[in-house]
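Colleague: kindly generate the corresponding structure for this input.
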Amino acid sequence: ASGLETFAKFVVFANGFTCQQSLPPILSELEDPTPGRLMALIYGGLAIVVPLYIAVSYFGYMSFGANVASNILNSYPVNPFTTAGRLGVAIVVITSYPIQTFATRKSFANILRTLQGGGEPPKTPPSVFINDDLELRTMLVLLAFTFAVALVVTDLGIMVAITGSTGAAAITFVFPGLFYYVTHGDEPGVLRTAAFALLTFGLVLIPTSLSLTLAGY
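Modeller: As a prediction, this is how the structure comes out:
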């Protein structure tokens with residue numbers, strides 16, 4: 001692969017490890033949420049997914065080389081094993097979609113509420129999934145948008161690359177670097193310099209990788 005192709009695919013890996021948006025609801029449900037238990041949860045999750053990512057990538061490229069499909073199951077013939085794999089993917093999508101939309105809906109609703117001058121969301125019991133009409137309307141818009149994308153898009157690889165080029169790059173590189181750089185203005189040093197470098201890298205990565213993805217790299 002060329003340098004441009006490698007750079008374009010880098011955001012796919014970034015997207016695979018972007019789960020920060022799900023951390024607050026997970027943390028709120030963690031029993032005795034101490035920093036040590038939180039780090040054990042993070043490292044434990046990475047210890048599970050990293051070997052799986054490596055195994056799938058390795059065997060996919062060993063079998064098909066650069067011709068492997070973005071969805072590796074599409075490269076294999078239909079048999080009981082690939083059918084079981086497709087069933088597993090379906091289960092993952094069904095169970096992960098509510099988690100992703102929950103965080104997205106909360107974020108969009110809070111932004112809209114702030115722009116409208118509404119302040120904090122209404123206090124409701126933990127069992128209430130939708131707090132108010134604003135969250136309900138936001139949820140309906142998200143459902144309609146994602147349903148439309150599912151009807152139109154046939155290759156999930158391009159969607160993963162686009163979300164990696166935008167959302168994943170912002171969450172992984174831009175926002176952490178920006179927040180640290182701004183909040184530690186009175187603490188110049190190596191870490192603040194590294195935060196600025198991370199921010200700069202993210203700002204370059206987003207337009208570059210998105211352009212390469214749309215160009216077909």
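
Colleague: got the buried residues for the host helix or strand of Phe64?
Modeller: Element membership for Phe64, per DSSP states H and E: helix 35-64. Buried residues in helix 35-64, counted by 16 or more other CB atoms under 10 Å: Gly60. Just so you know, the C-beta spots here come from the backbone N, C-alpha and C atoms, and that holds for glycine as well.

Colleague: and what of stretch 201-217?
Modeller: Gly202, Leu203, Leu205, Ile206, Thr208, Ser209, Leu210, Leu212, Thr213, Tyr217.

Colleague: inside helices: which ones of those residues?
Modeller: Gly202, Leu203, Leu205, Ile206, Thr208, Ser209, Leu210, Leu212, Thr213 (DSSP state H).

Colleague: now the two most distant members of those.
Modeller: Across those, the longest distance by CB to CB is 16.8 Å; it joins Leu203 and Thr213.

Colleague: and Ile91, what pLDDT?
Modeller: At Ile91, the model reports a pLDDT of 91.

Colleague: now do the strand or helix carrying it against helix 35-64, angle only.
Modeller: Counting by DSSP H and E, the element that carries Ile91 is helix 80-115. Angle of helix 80-115 versus helix 35-64, following axes from the mean of the first three to the mean of the last three CA atoms, to 10 degrees, is 130 degrees.

Colleague: next structured bit after helix 80-115?
Modeller: Where DSSP H and E defines the elements, the next helix or strand beyond helix 80-115 is helix 133-152.

Colleague: in the helix or strand that that next one is followed by, what counts as buried?
Modeller: Next helix or strand after helix 133-152 toward the C-terminus (DSSP H and E): helix 156-163. Judged by neighbour count using 16+ other CB under 10 Å, the buried positions of helix 156-163 are Val160, Ala161, Ile162, Thr163.

Colleague: repeat that for stretch 162-178.
Modeller: 162-174, 176-178.

Colleague: can you show me the CA trace of that stretch as CSV?
Modeller: The C-alpha trace of stretch 162-178 is given here as CSV (Å, rounded to 0.1, in the frame of the first residue of the first chain):
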residue,chain,number,x,y,z
ILE,A,162,-15.9,8.6,7.1
THR,A,163,-16.8,8.4,10.8
GLY,A,164,-13.2,7.7,11.6
SER,A,165,-12.1,10.7,9.5
THR,A,166,-14.5,13.0,11.4
GLY,A,167,-15.8,11.9,14.7
ALA,A,168,-13.1,9.4,15.8
ALA,A,169,-10.3,11.7,14.8
ALA,A,170,-11.9,14.6,16.7
ILE,A,171,-12.6,12.5,19.8
THR,A,172,-9.2,10.8,19.8
PHE,A,173,-6.9,13.6,18.8
VAL,A,174,-8.5,17.1,18.6
PHE,A,175,-10.6,17.3,21.7
PRO,A,176,-8.1,15.7,24.2
GLY,A,177,-5.3,17.9,22.9
LEU,A,178,-7.4,21.0,22.9
